[in-house]
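S.K.: Below is the sequence, then the predicted model.
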Amino acid sequence: MRGMFCHRLTGLVPVMLPAGGARLRGGWGLLFALIVAAQGGSAQASEPVPVVPSGLSPQLFEQLLDVKPDGMFTYARFRFLVPELAQGKVPGFDVLAEDFAVLCSQYALPLVANSTDPVDRIVISYSDREVEFGASDPDARQFFEQFTLKDGTCIWENF
């Protein structure tokens, strides 16, 4: 693992990531730095997280731009903390899939569309606790979905 700088809503902070893992490039990092500056350094995102079909209350805790080592795809990762998951309130997959589609199209896609960095995929994740990106926590309850971006639309990827 090696140290890299990744944007968390509180600013740029050093975190440990796997070699070839997530990193930010100029436009994406600048976009989020401007969001934080516009908020006066607040930990609030520029856009409110939309209401999701499950009724859960996801809270954005991290945004990453992840350029794969082969350079083939660039992923924008939006990581959400969902406290209800820790309480055992886990909706079925069909409901979670609807949540992820809403978060991709109504939250992540508009942010990515304004980025100067090209983004090929959006990954939305839920976790019952903050887990360092790339780290394993067998006690954490986590869910992930990936979307391809095409013609300004989030298309679910079955991976």
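M.R.: Everything's here; your move.
S.K.: Which residue lies nearest the spatial centre of the protein?
M.R.: In the chain, the C-alpha nearest the mean C-alpha coordinate belongs to F78, at 0.7 Å (Cα atoms, centre = their mean).
S.K.: ok, residues contacting the helix or strand where it lies?
M.R.: Using DSSP states H and E, F78 sits within strand 74-81. Strand 74-81 is contacted from outside by 22, 28, 49, 58-68, 103, 107-108, 111-112, 115, 117-130, 133, 146, using Cβ atoms under 8 Å, 6 or more residues apart in numbering. Quick note: C-beta positions are derived from backbone N, CA and C, even for glycine.
S.K.: Give the pairing partners of that strand; include direction for each.
M.R.: strand 59-67 (antiparallel), strand 121-127 (parallel) (DSSP bridges).
S.K.: Compare those and give me the one nearest Q87.
M.R.: strand 121-127 (13.3 Å; Cβ to Cβ).
S.K.: Any buried residues in the closest one, and which?
M.R.: 121-127 (16 or more other Cβ atoms under 10 Å).
S.K.: Need those residues in CSV (columns: distance to T74).
M.R.: What follows is the buried residues of strand 121-127, written out as CSV (distance: Cβ to Cβ, whole Å):
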residue, distance to T74
R121, 7
I122, 10
V123, 11
I124, 16
S125, 17
Y126, 22
S127, 22
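S.K.: For the closest residue to the residue nearest to the centre of the chain other than its chain neighbours, give me the pLDDT.
M.R.: Using Cβ to Cβ, 6 or more residues apart in numbering and skipping residues adjacent in sequence, the residue nearest F78 is A108, 4.9 Å away. Reading off the confidence values, A108 has pLDDT 96.
S.K.: A108 is in contact with R121, isn't it?
M.R.: No. With contacts defined as Cβ atoms under 8 Å, A108 does not count as touching R121, sitting 10.5 Å away.
S.K.: Next, give phi and psi for F143.
M.R.: phi -140, psi 140 (degrees, to the nearest 10).
S.K.: Need the pLDDT of it.
M.R.: What the model reports as pLDDT for F143 is 94.
S.K.: ok, it - contacts?
M.R.: Contacts for F143 (Cβ under 8 Å, 6+ apart) come out as 96, 100, 125-127.
S.K.: So D94, which state does it fall into?
M.R.: Secondary structure state of D94, per DSSP: H, G, I helix; E, B strand; the rest coil, is helix.
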